[in-house]
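In: my questions concern the predicted model and sequence given below.
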Amino acid sequence: MHTLIQTIFTGGERFPMLIDQSGIPDFWATLFTSQQLRDQTQTSITSCLNSIEHLYKWEKINNRNIIQDFQNSLIPGSKFVESIKEHCGLRSEHIQKALLQKTSKKINSFNQLKLVTTSALSQVSCDYQQRRMSDICAFLMFVGSTILKRKPNSKALINDLNNFKKKIEGHYPKSSFSRYNKQLPHAEKEVFEKFLEIFNPDSRLNPFKGYKTKLRNYLLVQLLYWTGVRSGELLSMTLDDIDYDLTTPKVRIERRHDDVADTRKYQPVTKTKSRQIIIPTWLRDELDYYINKIRCQYPASKKHPYIFVSHKGPTIGQPVTNSNFYNRVILPVRNLDSKSFALVKRHGFRHLFNENLSERIDSHNAKVNKLVAEAELKQLPHRVAELKRDLINEQQEIEIRMALNGHSNKESALPYVERHVKKKSQRIHKEMMQDMSHFIGKVRGNE
């Protein structure tokens, strides 16, 4: 069995690797990573290596060695493609059970496993299944072409290999849902606000001990609320990212991949473009207090520039990790009311930020339209034209979202617009039904 490890080079580069039971890096996976994935993010490389490890598990269950097949000038056929598709559709826990059964000689093949034990609970999503298949296809094409090009009949073998690739691509699962329907649900605004109230250091429901920890956790969730940043972007903020302007303080979101100052194995990074976002003045003051009165108390904090640090344990003073942010900050509050807070997620704050933005734009346009109507009644055409230029149209709204969310193309901003339109239509439809029900009730009462 292989193990996935995270290596940090002296230059700060994160280099995920698959190693065998002896602790030796897997040759082909490491070569593939070095030559084909080096310019990708740590998360993307890790995901791809997980897919390759999934392939190796398939080989163990089926007593096959695809790389050895390539060395013997053999190209996998249609049965392999069908089998690997099914395999990629199964959860890792389900595969692990299969490996245990294989070891105990309770199962002889993957097909037997699939027919006997596969259920809906053991399945992954179509997107995840396709991503696994795509990663495995890319890996096998790299290994196959590297080996087969040295064979005497390389031209024919490479042609067969390309046909093999087409077969895999032809078996990619297809989802029946659009990108907008696949948006994960999150809690409503009122639930988020209740969730935020608990983080107030003065709240009697606050589950954290000590003012230092309470303030740090409060600042973490408040920044999520006011900026709409991803958790990785928040944890990658440094001391220099705060603009202490007296009237319009801001925080900067910067890309710092493979930062040598970051000691975290899984480095939180910015996925989108760098940008600046305005924050309230009171939040600036609270951040200033945390940095200059609390953070500075931990000696290890002087060795790195990241704002939020661990307050106890072996990592005291070091940057807060993504797992600690979830497990020790978000989860304790969610567990206070697991039913009400079931849909509260860190990324949900990003959706909430965009919903608040939509409401603000709607409110702005409503005020402008009211002034336009008044100007039209007074027959002031120049004033009407001037006011209409102040209206925010759909294209401008998308551009505003792109700037605040760090998106590089408008397609990324569209789901937030679509979600707001959907909520508005549902609210209007609900009001229509209530009015109609009231009307019908009056009619029936008169009969």
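Out: Okay, I see it. Quick caveat, the model's predicted, so the values are computed rather than measured.

In: please enumerate the helices of the stretch 101-250 of the chain.
Out: Using DSSP state H, counting those that start in this stretch, the helices of the stretch 101-250 of the chain run over residues 110-117, 126-148, 154-170, 189-199, 211-227, 231-235.

In: give me the contact list for stretch 124-131.
Out: With contact meaning CB atoms under 8 Å, 6 or more residues apart in numbering, stretch 124-131 is reached by 47, 51, 85, 88-91, 132, 172-175, 182. Just so you know, the C-beta spots here come from the backbone N, C-alpha and C atoms, and that holds for glycine as well.

In: show the backbone phi and psi for I8.
Out: Backbone geometry at I8, expressed as degrees, to the nearest 10, gives phi -110, psi 120.

In: next one, pLDDT for it please.
Out: Looking at I8, its pLDDT is 88.

In: could you find the closest non-adjacent residue to it?
Out: Distance criterion CB to CB, 6 or more residues apart in numbering; nearest residue to I8, sequence neighbours excluded, is R14 at 6.0 Å.

In: the one you found: what's it in contact with?
Out: Counting by CB under 8 Å, 6+ apart, R14 has contacts 6-8, 42, 258, 265-267.

In: among the residues you listed, which ones are buried?
Out: 8, 42, 258, 266-267 (16 or more other CB atoms under 10 Å).

In: listing request: residues of the stretch 51-200 of the chain with sub-threshold pLDDT.
Out: By pLDDT under 70, the weakly predicted segments of the stretch 51-200 of the chain are 101-121, 175-185.

In: could you measure from the residue positioned nearest the centre of the chain over to N356?
Out: In the chain, the C-alpha nearest the mean C-alpha coordinate belongs to H347, at 7.4 Å (CA atoms, centre = their mean). From H347 over to N356 the distance is 15 Å, taken as CB to CB, to the nearest Å.

In: if we can go back for a sec, out of the buried ones among the contacts of R14, which are inside helices?
Out: Q42 (DSSP state H).

In: report the two of the buried ones among the contacts of R14 separated the most.
Out: Within the buried ones among the contacts of R14, D258 and Y266 form the most distant pair, 12.5 Å apart (CB to CB).

In: one step back: any idea which of the buried ones among the contacts of R14 is closest to K312?
Out: Among the buried ones among the contacts of R14, and counting by CB to CB, the member closest to K312 is Y266, at 20.2 Å.

In: contacting residues for the closest one?
Out: Shown in contact with Y266 (CB under 8 Å, 6+ apart): 6, 14, 42, 321-323.

In: so which of these belong to helices?
Out: Members of these lying in helices (criterion: DSSP H): 42, 322-323.

In: mind putting those into a markdown table with distance to M402 and pLDDT?
Out: Converted to a markdown table, the ones in helices among the contacts of Y266 look like this (distance: CB to CB, whole Å; pLDDT from 0 to 100):
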| residue | distance to M402 | pLDDT |
| --- | --- | --- |
| Q42 | 25 | 90 |
| N322 | 25 | 94 |
| S323 | 30 | 93 |
